[in-house]
Every structure is written in C-alpha cells, then in structure tokens.
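K.L.:
Next come a sequence and a model predicted from it.
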Amino acid sequence: MSADTAGPPIYLDADACPVKDETYRVAARYGLTVHVVANSILNLPHEPWIVRVVVGSALDAADDWIAERAGPGSIVLTADVPLAARCVKTGATVLAFTGKPFSESSIGMALATRDLMQSLREAGTITGGPKPFSRADRSAFLSALDRAVNRILRERPRDA
C-alpha cells in the first residue's frame, strides 16, 4: 500500500461506479492514492497508488469505511447522497460521478430530492431509472475532479 502525503487521498465508492478509469487517470497525473472501496473484489489495475478495500456485504459497510476516513483535504467520489452528506459534514470535497459537487449548501436539497424520488418510485409513479451515463458526464467529471485536486493542492500549507 502506497500512502501519498503530497496530495489529497481519493476515496472511490466503487460499486457501480462508471468513472473508475477517469479517476485513475487524474490520480496518476497528480501522484495521488485512490482507495477503491467495494463490497466485493473488483478487477483493478496493478498500481501501487490504487488501494483495494473490500468491506464485505454488510449494509452500508463501504459507506461507513469511507465516512470514517473522509475529512478536510480528502476527495470522496460517490453517487450515494446519504454518504455524500456524511462526508460533507467531515469537511471532505465530495463529487458525484457526473462531476456535480456536493456541498453544505446543496446537500439538504439533494437529500430531499432523493427521498422524494424514492417515495415516487415506491408509489409506482416513476418506473424508469436515471438517464444513461454520457460522454458529457464523463467530461464534466474529469474537469470537476481536476479542479478539486488543484484547489486542495493550492490550499495545502507549503510545509506540509
């Protein structure tokens, strides 16, 4: 396991993540460690800066592992809104897989929207899922992750 202290650690909520390769590309560019957290073993590139974390099948095990380690100066990548809320509270930079940032000012609305959509699905009002992941989504994610890394690196004390 290679722990990099020169840049922010990235915690990737990897189950059903469509942007693993994009995350690895940005991490390689900046020399960052990516913790790929999943409930099962995933096929990952063999790089010292990619750390496989298999948490088991317990409900919210991956979320708990990530939330316990997230904090100021770290980046969390997830589509899970409750996990995003937990990590925003710790001061972590949190991005959705589309590049949309979660923040203290946006997380309340994201949670309310999630709950509303869940209720509508349970009532049978909405039967379709999210729109397919697009090339534009990938591009937006890459840009957002690059900006997040650069912002954290700029804010980091020089003697750290």
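P.N.:
Cool, got the structure.

K.L.:
And Leu32, its phi and psi?
P.N.:
Main-chain dihedrals, Leu32, degrees, to the nearest 10: phi -100, psi 160.

K.L.:
In the longest helix along the chain, which residues are buried?
P.N.:
As assigned by DSSP state H, the longest helix anywhere in the chain is helix 135-155. Using 16 or more other C-beta atoms under 10 Å as the test for burial, helix 135-155 gives 137-138, 140-142, 144-146, 148-149, 152. In this view, the C-beta of every residue, glycine as well, is placed from N, C-alpha and C.

K.L.:
One more: stretch 24-34?
P.N.:
By neighbour count on 16+ other C-beta under 10 Å, the buried set for stretch 24-34 is 24, 26-27, 30, 32-34.

K.L.:
need the buried residues of helix 135-155 in TSV with distance to Val81 and pLDDT, can you?
P.N.:
Compiled in TSV, the buried residues of helix 135-155 are given as follows (distance: C-beta to C-beta, whole Å; pLDDT from 0 to 100):
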residue	distance to Val81	pLDDT
Asp137	17	94
Arg138	20	95
Ala140	18	96
Phe141	17	97
Leu142	22	97
Ala144	17	97
Leu145	19	98
Asp146	23	97
Ala148	18	97
Val149	23	97
Ile152	22	96
